[in-house]
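1. What would the 3D arrangement of this be:
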Amino acid sequence: GNPKIFEIWGSNNPTTDGKWDNWTLLLKGESIKPSGSPVGVKTAEDNAYALGGESFNFASQPVSYRYIRFKMVEAWTLYNSLLLAELTLYGQPQ
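-> Just a heads-up that it's a prediction; the model follows:
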């Protein structure tokens, strides 16, 4: 359930029905696998990279967002589920 390709969206006024109205795409990200090995095959290089974590930078936004939504587009596994161990967002208040 580890995300390979994902999107992060922001909103200050999300709808209560779960639709994507009022959401702004903030980031399209792709997690990499240094070895390029197929799914299910992990090298020592892949494990070391994963342990170090990945950083993704948002483009400068003219608006601050109160709500963040994470959308997984593609997973590293055969299952389309999501498992995040830690997600930290940093920013400057506007």
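2. so who does residue 24 touch?
-> Applying Cβ atoms under 8 Å, 6 or more residues apart in numbering to residue 24 gives the contacts 9-11, 63, 65. Any C-beta I mention is one placed from the backbone N, CA and C, and that applies to glycine too.
3. nope, residue 14 is what I meant
-> By Cβ under 8 Å, 6+ apart, the neighbours of residue 14 are 22-23, 67, 69.
4. again, 10 Å this time
-> 20-23, 65-67, 69 (Cβ atoms under 10 Å, 6 or more residues apart in numbering).
5. and if you look at residue 63?
-> Contacts of residue 63 (Cβ under 10 Å, 6+ apart): 10-12, 24, 26, 94.
6. quick one: which of these is nearest residue 73?
-> Proximity of the contacts of residue 63 to residue 73 (Cβ to Cβ) peaks at residue 26, which lies at 14.3 Å.
7. Roughly how far does that closest one sit from residue 83?
-> Distance, residue 26 to residue 83, by Cβ to Cβ, to the nearest Å: 21 Å.
8. More neighbours: those two, which one.
-> More crowded of residue 26 and residue 83, by other Cβ atoms under 10 Å: residue 26, with 18 against 11.
9. Low-confidence stretches in this structure?
-> Counting by pLDDT under 70, the chain shows low-confidence ranges at 1, 92-94.
10. residue boundaries of the strands in the protein?
-> In the chain, strands defined by DSSP state E lie at 3-11, 24-30, 67-75, listed in chain order.
11. now, of those strands, which is deepest in the fold?
-> strand 3-11 (a mean of 18; mean count of other Cβ atoms under 10 Å).
12. Which strands border it, and is each parallel or antiparallel?
-> strand 24-30 (antiparallel), strand 67-75 (antiparallel) (DSSP bridges).
13. Would you reformat those as a markdown table and include distance to residue 5?
-> Listed next are these as a markdown table, based on distance: least, Cβ to Cβ, whole Å:
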| stretch | distance to residue 5 |
| --- | --- |
| strand 24-30 | 5 |
| strand 67-75 | 4 |
